[in-house]
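Engineer: Provide a 3D model corresponding to the input given below.
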Amino acid sequence: MGGAAGHMAHPFDLGWVNSGSDLLDFFEKAKTFVEKKGAGAVKIDGVNVSFKVVGDDENKQFAVDRGSLKPIDIEGITMDRVDDRFPEGHGMRPAIRTLLSILNAALPDIKSELEELGMWVDPSRFLNTEYVEGTTNVTEYDENFLAIHGLSQFYHKIHSRNGQERPGMERPEGVKAPSVEVPYNPKTMENLVKKLNIVAEEYGFQVYGSVPTEKMDEIDFSSTLSQPFTVKVSDDREITKSLKEWLSEATNPRYKVVKLKDGSRTHALHKQLYMNILNGETPIVNLIEDSDAEAAIYGAVLMHATRMLGNDVMRSLTSPMGDVMNHEGIVMRDEKLFGSNPVKITGDFIVGNLGGGFGQVTEEEGEGYRSGRALPDSDAPNNEAEAQAGPEESRQKIALIPGAFKPPHRGHLGMVEEYAQRADNVVVLISSPVKSSRKLPNGREITADDSKKIWETLVSHLPNVEVQISPHASPITATYDFIGKDGPLEPGTEVILGVSNKGRDVDRFSQAEGYVKEGVILTPPGYSAIDPISHSTYYMDILGHSPLKDEMPSMTTSGKDPRDFHASDMRYLLGQAESDEEAVELLEDFTGEDNIFDVLAILGLNTGLNELAGGNAMAAGAVAGAVGAQGGPWKRGNLDQENEEEKKRSRLKKENADLSMVDEIMRLFTERGIMR
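Structural biologist: Model (predicted):
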């Protein structure tokens, strides 16, 4: 979940990256940075903790600040208040005590550095850190360490309901981020780290100013830039150019809202939109409204270039934590090259934490089943007896997970992730209830298409998961139709029903054996059921101190456990998200931090927050192009002005017809009778 320091900018978020050429210029600067300085720091997927200094001159001590408007965070979670902020059993209790012990023991020796950083007299300034004990989330590492990413400062804020005030620097107009990174003397931080390590070693910890990276190989972008990138305009028309050619003409659409042909909206840098265009799943003429085609295509080009050129940079580096490709990415800081704030390069992780394996799908895997493997088809045994006689290890094993999913959340995702390990393929089957359709508090219905888009966002890291919509209103009917005689399963296929041990989920499918197609092997639901996951301790801690709990369905309805994931809780928080930052923070436990803004965009919610929530690109002017700019896609600030600008852009497109990719699309639209 996002901490006090928030999110960090991607290259295309930087204010000066206004075109594909600017993006390429960024990577050339990144190459220079690597060659001269050895790269930067590993972006760690550890536990984020923010430390500040509190107390008067006679009683200075370190404290933790989670960034909320709770008095205990504003005053500081000192050693004697750890148990007050983190409930019994919370995993951060022992870690925070250890880290505070290290910092407080070193306090007298680092006073001068803290004074230079401005922290000694200003508790609104804090060290943005991450700690790891033993391993990171992705790589084994036999060392406990604390990495100090940088120095940040809170913005001044007053709680809209209770008037609680958090001191800090003046907040720029339109910025809702909790904090912003502030500049500091690197030598000062280096001295601070050296002195901290003297004490940290006694506790079995290592302190890094950042986890350093080191140049291993030369960076060569030529191969990546020469690779073809194809846009499927229609079923019989494609535009193929090298990535370099695309970048030479592309403009940065930033988070411009684009409208899809099905009436839904997303933004031009949405990872699933990028994947659709990359894979050619749906032609542009059938996917995007005509006026938004250019923004969608250029967004996909910039996403692809950021991903592939980022891989080139990351492959050239190593670190004390091993291969950089196994981590979330790298962080680069250089005011002359990139601007006053840090920027992250994540490579494949930009499309959903896919790690090194993403993009390595073979041509054979790319056929048939979109997620990477085909359902049994002509290669399956034609003879029913042959199918059942085949060895068990050669059977195709399909896990089917049905539900209305209004909306999908991380509780559902936990089930999918478990079955994705047990089965060859997983099919998430969304039913389409009519009478019992679920709505957000603002009255907006959560449709099956909404659920599908959210699911595709949540499972983007799982190559063997497919999401489908059933025409049936009941998940049970949808299931029996799928496994039944007219369903897609071939004899010899083994099917697992995705059910939970919670409640009577297993009993709902007690009649499944009577519906299964002859020759299809059904694992009894009771044997395949799994235990559901629960909310994080961090979520429960925030909820326990939040006024939002007073109306949370699981807190006000008897028989419900708020530790369990409930779609009703998620809908309630979605209803509060546009006006309450704490609701957004709680929602991250339902969606995952990386997916929260995509989910909000799918459901048409504008919080004013975006991928730049940490303010890291604010100074560079990137906020104006983010999701929610000018009031967001559903609250347009000056529609007449935007329409006039759109007309002007249309005229420019026609004037540059021979030079622009849009000319080809527009001609095609004319030929097909879409535009007259």
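
Engineer: any idea how far the closest residue to Asp564 other than its chain neighbours lies from Gly411?
Structural biologist: The shortest distance from Asp564 to any residue other than its chain neighbours is 6.2 Å, reached at Ser534 (CB to CB, 6 or more residues apart in numbering). Any C-beta I mention is one placed from the backbone N, CA and C, and that applies to glycine too. Ser534 sits 8 Å away from Gly411, going by CB to CB, to the nearest Å.

Engineer: and for the two, which residues touch both?
Structural biologist: Taking CB atoms under 8 Å, 6 or more residues apart in numbering as the contact rule, Ser534 and Gly411 both touch Asp564, Phe565.

Engineer: Comparing those two, which residue is more hemmed in?
Structural biologist: Between Ser534 and Gly411, counting by other CB atoms under 10 Å, Gly411 is the more crowded of the two (20 against 15).

Engineer: who touches the more buried one in this structure?
Structural biologist: Contact partners of Gly411, counting by CB under 8 Å, 6+ apart, are Pro532, Ile533, Asp564, Phe565, Phe590.

Engineer: hmm, 10 Å instead?
Structural biologist: By CB atoms under 10 Å, 6 or more residues apart in numbering, the contact list for Gly411 reads 500, 502, 532-535, 564-567, 570, 589-590.

Engineer: Now the helix or strand harbouring it - C-alpha only, CSV.
Structural biologist: Using DSSP states H and E, Gly411 maps to helix 410-422. Written as CSV, here are the backbone C-alpha positions of helix 410-422 (Å, rounded to 0.1, in the frame of the first residue of the first chain):
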residue,chain,number,x,y,z
ARG,A,410,-8.0,-9.0,-4.1
GLY,A,411,-9.9,-11.7,-2.2
HIS,A,412,-11.1,-13.1,-5.5
LEU,A,413,-7.6,-12.6,-6.9
GLY,A,414,-6.1,-14.7,-4.1
MET,A,415,-8.3,-17.6,-5.3
VAL,A,416,-7.3,-17.2,-8.9
GLU,A,417,-3.6,-17.1,-8.1
GLU,A,418,-3.9,-20.3,-6.1
TYR,A,419,-5.8,-22.1,-9.0
ALA,A,420,-3.3,-20.7,-11.5
GLN,A,421,-0.7,-22.8,-9.9
ARG,A,422,-2.8,-25.9,-9.7
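
Engineer: elements contacting the helix or strand following that helix?
Structural biologist: Remark: after helix 410-422, the chain's next helix or strand is strand 425-430, criterion DSSP H and E. Judged by 3 or more CB pairs under 10 Å, 6 or more residues apart in numbering; DSSP states H and E, the packing partners of strand 425-430 are strand 397-403, helix 410-422, helix 448-458, strand 465-469, helix 475-483.

Engineer: thinking again about what came up before, the residue nearest to Asp564 and Ile521, how far apart?
Structural biologist: Per CB to CB, Ser534 is found 32 Å from Ile521.

Engineer: same thing with Arg438?
Structural biologist: Arg438 sits at a distance of 34 Å from Ile521 (criterion: CB to CB).

Engineer: ok so, going back, list the buried residues in the helix holding Gly411.
Structural biologist: The neighbour-count check on helix 410-422 (16 or more other CB atoms under 10 Å) flags Arg410, Gly411, His412, Leu413, Gly414, Met415, Val416, Glu417, Glu418, Tyr419, Ala420 as buried.
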